[in-house]
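1. sharing a model prediction with you, sequence too.
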Amino acid sequence: MNIFTRSQPAETDTRTRILNAAQRLFAQKGYNGTTTRDLAQAASVAEGTLFRHFANKKAILVELATEGWIEILTDLLTELSEMGSYQAVAQVMRRRMLNIHKNADLMRVCFLEAQFHPELRDRIQAEVISKMTDVAEAFFETAMERGIYRPMNPRLVAHVFLGMFAVAGFSQQTLLENDSSPKAMQEMAEGLADIFLHGVLVPPQNE
């Protein structure tokens with residue numbers, strides 16, 4: 001499933017095809033293993049057409065991963081804001097993990113390639129992560145004011161929450177088997193949510 005499948009004006013159709021082709025090829029062959037000729041063939045365009053839409057191959061990667069991160073975190077924070085209760089973190093995590101499973105190619109590009117391209121990592125940090133952290137911080141600050149969560153630094157909590165989501169993003173390749181069932185993903189989501197909400201220490205016994 002591609003994120004670049006929304007209704008597009010005719011003039012952007014070629015650009016969308018290039019991004020969709022890049023998503024598939026970068027996930028399968030890696031950025032360095034994909035040539036501009038590969039991209040042109042996969043997108044059914046002339047190689048010169050790539051450079052009318054993007055300055056170079058790196059520009060394709062940067063746009064693909066940046067837009068991917070925006071999609072990932074916008075969906076996450078939208079669900080967060082619409083939670084029925086502040087304790088429903090596990091439900092949000094499970095839905096996000098199922099979505100990650102459906103968009104495995106995009107996740108592979110967003111999570112892995114950013115590690116090897118400092119300019120991409122810096123752009124994602126400046127344009128996506130910082131803004132999303134602000135939204136998450138406001139959410140947790142409101143919860144603390146309402147007495148749902150204990151008083152803490154809400155920005156630190158936001159960082160921990162988004163970091164927990166990043167762990168879930170890697171879970172398909174690390175913590176879970178590739179053919180993991182929805183039940184396994186649910187257990188993973190519930191475990192992460194439990195650690196986030198309750199920590200790992202045994203609660204002190206009342207004397």
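-> Good, I have the coordinates. Numbering: from 1, shown residues only.
2. so what does the helix or strand hosting Lys183 touch, helix or strand wise?
-> Lys183 belongs to helix 182-198 when assigned by DSSP states H and E. Under the contact criterion of 3 or more Cβ pairs under 8 Å, 6 or more residues apart in numbering; DSSP states H and E, helix 182-198 touches helix 89-102, helix 154-170. Quick note: C-beta positions are derived from backbone N, CA and C, even for glycine.
3. buried ones in the longest helix along the chain?
-> Among the elements of type helix in the chain, defined by DSSP state H, the one spanning the most residues is helix 57-81. When neighbours are counted by 16 or more other Cβ atoms under 10 Å, the buried residues of helix 57-81 are found to be 57, 60-73, 76-77, 79-80.
4. ok, stretch 141-158 next?
-> Taking 16+ other Cβ under 10 Å as the criterion, stretch 141-158 shows Glu141, Met144, Tyr149, Pro154, Val157, Ala158 as buried.
5. what about it, start to end distance?
-> Between the opening and closing residues of stretch 141-158 there is a gap of 9 Å (Cα to Cα, to the nearest Å).
6. state the mean pLDDT of that stretch.
-> Per-residue pLDDT over stretch 141-158 has a mean of 89.
7. check stretch 16-26 too.
-> Per-residue pLDDT values across stretch 16-26 average out to 92.
8. how about residues contacting it?
-> Outside of stretch 16-26, the residues that reach it under the criterion Cβ atoms under 8 Å, 6 or more residues apart in numbering are 2, 4-5, 8, 34, 38-39, 42-45, 50, 53-54, 60-61, 63-64, 67-68, 105-106, 108-109, 113.
9. same deal with stretch 46-58?
-> Contacts of stretch 46-58 with the rest of the structure, by Cβ under 8 Å, 6+ apart, involve 14-15, 18, 31, 34, 36-37, 39-40, 43, 60, 63, 117, 119-120.
10. list only buried entries from the residues you listed.
-> Buried residues within the contacts of stretch 46-58, counting neighbours by 16+ other Cβ under 10 Å: Thr14, Arg15, Ile18, Tyr31, Thr34, Leu39, Ala40, Ala43, Ile60, Glu63, His117, Leu120.
11. buried stuff in the strand or helix carrying the second one?
-> Applying DSSP H and E as the criterion places Arg15 in helix 13-29. For helix 13-29, the buried set under the neighbour-count rule, 16+ other Cβ under 10 Å, comprises 14-27.
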